[in-house]
Each structure stands twice: as C-alpha cells, then as structure tokens.
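# Return a 3D structure for these sequence lines:
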Amino acid sequence: MLELVCCRYSWPSLCFDVQQFCKFCVTCMQSKPQCHKLYRSLKQLPIPERPWNSISMDFIEKLPSSSRFDTILVIVDQLIKQVIFIPVHNTIMFIDLACLFILHVFSKHNVPSHITSDRGSEFVSNFFRSLDTALDM
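Modelled structure (predicted):
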C-alpha cells in the first residue's frame with residue numbers, strides 16, 4: 001500500500017498516515033488473521049428469586065475528598081435495582097469492608113445468595129474470608 005501511494009503522492013507524514021489508514025481499515029482488519037485467544041461466551045447472571053438475593057458491588061474511586069472520604073462503595077440489588085452508597089477511604093481493608101457490608105446489607109436485607117463484583121476472584125475470595133472473620137464463623 002505504501003509503495004502504491006509513494007509512486008503518485010508525497011507529503012511529510014505519508015508513512016504514518018498510510019499505516020494509520022491500514023490499521024483502521026475494515027477490509028484490512030477482516031483479511032488479517034486474529035492473533036489473540038478466542039473470546040469465551042459470556043455467562044448470564046442468575047435471575048434473582050427475591051429482592052436482595054443477588055447483588056453486585058463496585059467502587060467509584062479517585063473522587064475529590066469529602067469529609068476525608070474519597071471512594072464510594074456501591075451495592076446494587078439486581079432485582080429491584082435499589083442502591084446503597086457507602087462512603088469509604090481508598091485504603092479500606094477487607095475486614096472493614098466486611099463490617100460495612102454486615103452493617104448496611106446483611107442486617108437490613110438478609111444474606112444474599114449471589115454477589116457479583118468486577119474486582120476479580122482474588123478480591124472476592126479475600127472479601128468472603130474477612131466476612132467469615134467479621135461474622136465470627
């Protein structure tokens with residue numbers, strides 16, 4: 001492609017422009033082989049049987065400091081979409097997170113059967129271990 005364009009045209013950023021054009025060209029992208037692993041099919045989340053049976057949790061981080069808090073823990077019920085916002089520090093430990101979870105979720109809505117988090121399996125594992133400690137199991 002570069003040779004064909006160079007035969008007829010010339011401008012200062014010709015090489016870069018041709019590379020960018022080829023990089024984002026739909027025809028070129030379809031003809032090139034894929035070099036990454038195949039994507040796995042997504043698993044559907046379970047349909048909750050009752051409110052607060054299936055919840056998701058995530059952190060909103062790097063917020064401006066307010067009353068010395070700079071992160072918000074967001075807990076969402078998957079059935080009725082009710083949300084709990086809990087202000088926390090970005091350096092929160094698992095045992096503190098478990099205590100907040102017991103105070104704001106377990107004490108009011110009972111124990112959920114399914115918790116979804118995008119923090120990864122290690123985070124969820126550490127969180128449940130600290131829940132066992134906080135609940136004194």
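# Tell me which residues of stretch 44-60 come out buried.
When burial is assessed from 16 or more other C-beta atoms under 10 Å, stretch 44-60 yields the following buried residues: Pro48, Pro51, Trp52, Asn53, Ser54, Ile55, Ser56, Met57, Phe59. C-beta here means a position set from N, CA and C on the backbone, and glycine is covered the same way.
# Nearest to His114 among those?
Of all these, Ser54 has the smallest distance to His114: 4.2 Å, by C-beta to C-beta.
# In this structure that closest one contacts Val76, no?
No: judged on C-beta atoms under 8 Å, Ser54 makes no contact with Val76 at a distance of 9.8 Å.
# what's the residue closest to the geometric middle of this structure?
Among the residues of the chain, the one closest to the centroid is Asp118, at 4.0 Å (C-alpha atoms, centre = their mean).
# can you pull the contacts of that one?
Taking C-beta atoms under 8 Å, 6 or more residues apart in numbering, we find Asp118 in contact with Asp58.
# For it, what are phi and psi?
The phi and psi values for Asp118, taken as degrees, to the nearest 10, are phi -90, psi 10.
# Look up how far Arg50 lies from it.
As judged by C-beta to C-beta, to the nearest Å, Asp118 and Arg50 stand 24 Å apart.
# do His104 as well
The gap separating His104 from Arg50 is 18 Å, by C-beta to C-beta.
# just Val26 next, same as before
Distance, Val26 to Arg50, using C-beta to C-beta: 47 Å.
# again with Phe101
19 Å.
# same question, Leu42
Distance, Leu42 to Arg50, using C-beta to C-beta: 25 Å.
# Fine by me, thanks again.
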